[in-house]
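>>> any chance you could fold what I've pasted below:
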Amino acid sequence: MKLNVEIDLGDEYFEEGEGGYVSDKLKESIIHGVVTAIVRQLSPNYKRELDEAGLAAAKAALGAYIMQTSAEIMSTGQIKGRSIEEHVRDCVANQISQLVTGGTMQSIAKKHADELKAQYDIKFANLIVQRLHENHLLKDEAAKILLSQ
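A predicted model of the protein is given here:
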């Protein structure tokens, strides 16, 4: 869509002369203001239509690319210089290895983190019991029982 707007500034104030610089700046300001106002009015009305047109063009281009690429694959029997069978085998092997190593590493890390947390909790509890016992806030027998666990 192309929109041409013509503004007639034929008033004597806008004629070239001593104030030519001021009138040029004023002309630019008026033109900018009019263009901005037109864009603001058209934007809400045509934004949806422009979005739909852009989406349709993108879908058409993507569809054409997919058709071209799939036709090439079917005619040559190769994807990225390898046979279709090799490509599929490599893709499946990569996916399986990522699933196995990713899940395994995550489970090992979680198990190790849980063990470290449990050790920290035990050491922290023992430290509290020792401090209570040193400050005579806990009887000897109770401290021995709690520290032995």
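
>>> next SSE downstream of the biggest helix by length in the chain?
Longest helix in the chain, counting residues (DSSP state H): helix 20-76. Remark: after helix 20-76, the chain's next helix or strand is strand 78-79, criterion DSSP states H and E.

>>> before we move on, the earlier item: mean confidence for the longest helix of the chain?
On average, the pLDDT along helix 20-76 is 81.

>>> which residues does residue 81 contact?
Not one residue lies near residue 81 by CB atoms under 8 Å, 6 or more residues apart in numbering. C-beta here means a position set from N, CA and C on the backbone, and glycine is covered the same way.

>>> mind starting the numbering at 814 from now?
That works, and once the first residue is 814, the last one we named lands at residue 894.

>>> just the pLDDT for it.
pLDDT, the model's per-residue confidence, is 84 for residue 894.

>>> now swap in the one 5 residues further on and tell me
Taken from the predicted model, the pLDDT recorded for residue 899 is 90.

>>> which other helices and strands contact the helix or strand where it lies?
Element membership of residue 899, judged by DSSP H and E, is helix 897-947. Helix 897-947 sits against helix 953-961, with contacts defined as 3 or more CB pairs under 8 Å, 6 or more residues apart in numbering; DSSP states H and E.

>>> what's the angle from the helix it packs on to helix 897-947?
Note on geometry: by axes from the mean of the first three to the mean of the last three CA atoms, to 10 degrees, helix 953-961 and helix 897-947 are set 170 degrees apart in direction.

>>> can I get helix 953-961 in PDB, CA atoms only?
C-alpha atoms of helix 953-961 as PDB (Å, rounded to 0.1, in the frame of the first residue of the first chain):
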ATOM      1  CA  ASP A 953      26.200 -34.700  79.800                       C
ATOM      2  CA  GLU A 954      24.000 -37.800  79.300                       C
ATOM      3  CA  ALA A 955      21.800 -36.000  76.800                       C
ATOM      4  CA  ALA A 956      24.800 -34.600  74.900                       C
ATOM      5  CA  LYS A 957      26.300 -38.100  74.600                       C
ATOM      6  CA  ILE A 958      23.000 -39.600  73.400                       C
ATOM      7  CA  LEU A 959      22.500 -36.900  70.800                       C
ATOM      8  CA  LEU A 960      26.100 -36.900  69.500                       C
ATOM      9  CA  SER A 961      26.200 -40.600  69.200                       C
END
